[in-house]
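K.L.:
Fold the stuff below for me.
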Amino acid sequence: MTVISQRFEQLRKSNTCALIPFITAGDPDLETTAKALKILDQNGASFIELGVPYSDPLADGPVIQAAATRALSKGTKLEDVLQMLKTLTPQLQAPIILFTYYNPILNLGVTEFLTKVAEVGVKGLVVPDLPLEEAENLIQSAQQFGIELTLLVAPTSSKDRISAIANFSQGFIYLVSVTGVTGMRSGLQDRVKDILEELRSVTDKAIGIGFGISNGEHAAQAKDWGADAVIVGSAFVKRLANGTPDEGLRSLEQLCKELKAAISQEQLTVAG
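P.N.:
This next block holds a predicted model:
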C-alpha cells in the first residue's frame, strides 16, 4: 500500500472526509504557488492536486484554462514545477498529486517522467486524457516508483466501465460530478449519488468527487452522499488569481478553511 492509499485508510478510521484542493503551478508565479501549497497544507488539505500548465487542457474549464495560459506565458515548464516541489514537499504533510496531461509524459518518456516526479516527492498522478484502455502500462510503471495513478469515472460511464475503472484506479477513484469540463456549478447532479452507490457495490477503494464543487454547500452534499474526498479546483484557482498575490493567498486560505469546516464532523454536529 502506498502513500495515497495509506492516508485514505487513516482518514476512514477517523471518519474524516478528505479535502483535496487544486491549484495551477506557476499562476501567478511559482513563488506564489509554493506559498499557496503551504497555506493549503496548514489549513485542512488532506492531499493537494497540483496542475502542470499545458497548452491544450481539454478537461479544464475556462478558469483553469486561463490560469494555465498565464503560467505558460510566464515560461513555466514541468522542470521548473518539479524544482519548486523538490524543496517544498519535505515541508508538507499533505501528499502531492500531480495533475498532468499525457503528452508531457510521452515527451519525456514514461520511466524518466516517473523518475523525476518520484525524486521530488510526488505521490499521486491524475492524467485526464489517458483512457482506461491505455492506462495499464502507466499504472504498472508508476507502482514501481511508489506513485498511484488515479482514474476518472464520468457521469456517462456504463456500469461495466465503472467497474473496470474501479478495478484499475490506484489511490482513490476520481468521480467527475458533471458532464463536461471543470468549473464552478450551481449544484451537484443527482446522477453522482447513483454512480457513487454503483461504485460502492463493486469496490472498497476511496472515492473522491470533483469538477463543479465550489463552496461549502456542495462539499457538504458530496460528503453526505458518502464521498471519501471532495476535490475543489476552479474556486481555488479563481481566488488565487484575484487581486495581488498576497490578496489571492489570503482569499485562498479563507476558502480552504470554509470548505474544511463544511465537511468536518465536528462542524456538522454543532450545526445540527
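K.L.:
Can you tell me the closest non-neighbouring residue to Gly121?
P.N.:
Thr89 (3.1 Å; Cβ to Cβ, 6 or more residues apart in numbering). The way it works is simple: take the backbone N, C-alpha and C, and place the C-beta from them, glycine included.
K.L.:
neighbouring contacts of stretch 29-36?
P.N.:
For stretch 29-36, the external contacting residues (Cβ atoms under 8 Å, 6 or more residues apart in numbering) are 23-27, 50, 74, 76, 80-81, 84, 88, 240, 245, 248-249, 252.
K.L.:
Least confident secondary structure element in the protein?
P.N.:
helix 265-271 (a mean of 44; mean pLDDT, DSSP states H and E).
K.L.:
still on that earlier bit, show only the entries of the contacts of stretch 29-36 found in strands.
P.N.:
Among these, DSSP state E puts Ile23, Thr24, Leu50 in strands.
K.L.:
Same list (those residues) but as CSV, adding neighbour count, pLDDT and distance to Ile263.
P.N.:
Below are the ones in strands among the contacts of stretch 29-36 laid out as CSV (neighbours: other Cβ atoms under 10 Å; pLDDT from 0 to 100; distance: Cβ to Cβ, whole Å):
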residue, neighbour count, pLDDT, distance to Ile263
Ile23, 25, 98, 19
Thr24, 33, 97, 23
Leu50, 23, 98, 21
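K.L.:
From those residues, pick the one nearest Thr156.
P.N.:
Thr24 (26.1 Å; Cβ to Cβ).
K.L.:
burial measure for the nearest residue to that closest one once chain neighbours are set aside, as a count.
P.N.:
Closest residue to Thr24 apart from its sequence neighbours, by Cβ to Cβ, 6+ apart: Ala67 at 4.0 Å. By the measure other Cβ atoms under 10 Å, the count of residues near Ala67 is 27.
K.L.:
Spatially, which residue comes closest to Ala222, not counting chain neighbours?
P.N.:
Ile209 (4.3 Å).
K.L.:
Quickly find the element holding the one you found.
P.N.:
With elements taken from DSSP states H and E, the one containing Ile209 is strand 207-210.
K.L.:
Work out the gap between that strand and the centre of the chain.
P.N.:
Here strand 207-210 shows a centroid-to-chain-centroid distance of 9 Å under the convention Cα atoms, centre = their mean, to the nearest Å.
K.L.:
which strands and helices sit next to it?
P.N.:
strand 18-24, strand 173-176, helix 190-202, strand 229-232 (3 or more Cβ pairs under 8 Å, 6 or more residues apart in numbering; DSSP states H and E).
K.L.:
Can you convert those into a markdown table and add a column each for distance to Asn43?
P.N.:
Converted to a markdown table, the helices and strands packed on strand 207-210 look like this (distance: least, Cβ to Cβ, whole Å):
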| stretch | distance to Asn43 |
| --- | --- |
| strand 18-24 | 9 |
| strand 173-176 | 22 |
| helix 190-202 | 26 |
| strand 229-232 | 13 |
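K.L.:
looking at those, which one has the lowest mean pLDDT?
P.N.:
Note on these: helix 190-202 shows the lowest mean pLDDT, a mean of 88.
K.L.:
Which other helices and strands does it contact?
P.N.:
Counting by 3+ Cβ pairs under 8 Å, 6+ apart, helix 190-202 packs on helix 159-168, strand 173-176, strand 207-210, helix 216-225.
K.L.:
Report the rounded mean pLDDT for the third one.
P.N.:
Summarised as a single mean, pLDDT over strand 207-210 is 95.
K.L.:
in its sheet, what does that strand sit against?
P.N.:
strand 173-176 (parallel), strand 229-232 (parallel) (DSSP bridges).
K.L.:
Let me have those strands in JSON lines, extended by mean neighbour count.
P.N.:
Listed next are these as JSON lines, based on neighbours: other Cβ atoms under 10 Å:
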{"stretch": "strand 173-176", "mean neighbour count": "26"}
{"stretch": "strand 229-232", "mean neighbour count": "27"}
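K.L.:
okay, these in CSV with distance to Leu259 next?
P.N.:
Output for the strands paired with strand 207-210, formatted as CSV (distance: least, Cβ to Cβ, whole Å):
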stretch, distance to Leu259
strand 173-176, 17
strand 229-232, 6
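K.L.:
Of the helices and strands packed on strand 207-210, which is nearest Glu112?
P.N.:
strand 18-24 (23.3 Å).
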